[in-house]
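> Please find the sequence and the predicted model below.
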Amino acid sequence: MSADGKIAAAATKPCLGLIPLSALQGVARVFAYGSRKYGGGNFLIATLRDGAGERYISAALRHLLEMQATNGQHTAESLGALDSESMLPHIDHAICGLIMLRAILVKCGALDADPTAWVQPGYGDVKRG
């Protein structure tokens, strides 16, 4: 394969190195907490038919609501608020819930596991057909 071909092939791979992994440590702690409470991977039993979409969106919104100060503003203190049960940040709970919902959407076929199936690499142009 030519150098240009290798570059083009690499452009279709997800740039996982762009994700700040330190930001995911808190999310991993929420996953571990949930695993102890509900069983590891238990969320994958959920389906859209049993209301998983509404449950996971509602849970994420409740955690986001807890990140807003009573005056409607978002302060460092409110954004860093901890869940009273787990004592883990609400933002990590919200991210975790959306990741779980995405996994459920992939499982049921509502989303592709890798969106490069419909996005033009490097340009963001939608190629749905």
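Received the coordinates, thanks.
> Show me where this protein has its helices.
3-11, 21-38, 52-65, 76-79, 90-108 (DSSP state H).
> What residues sit buried inside stretch 72-84?
Buried residues in stretch 72-84, counted by 16 or more other C-beta atoms under 10 Å: Ser78, Ala81, Asp83. C-betas here are computed from N, CA, C, even on glycine.
> Averaged pLDDT, it. What do you get?
For stretch 72-84, the mean per-residue pLDDT is 96.
> Regarding that stretch, how distant is the last residue from the first?
End-to-end distance of stretch 72-84 (C-alpha to C-alpha, to the nearest Å): 20 Å.
> From the rest of the structure, what touches that stretch?
His63, Glu66, Met67, Gln68, Ala69, Leu88, Pro89, His90, Ile91, His93 (C-beta atoms under 8 Å, 6 or more residues apart in numbering).
> what do you get for stretch 18-32?
Ser86, Leu88, Pro89, Ile91, Asp92, His93, Ile95, Cys96, Ile99.
> And for stretch 58-70?
74-75, 77-79, 81, 83, 90-91, 93-94, 97-98, 101.
> nearest to Cys15, of these?
Leu98 (19.5 Å; C-beta to C-beta).
> give the contact list for the residue most central in space within the chain.
The residue lying closest to the centre of the chain (C-alpha atoms, centre = their mean) is Ile99, at 2.9 Å. Ile99 sits next to Val27 when contact means C-beta under 8 Å, 6+ apart.
> Next one: it, what pLDDT does it get?
pLDDT, Ile99: 97.
> go on, Pro14?
Looking at Pro14, the pLDDT reads 77.
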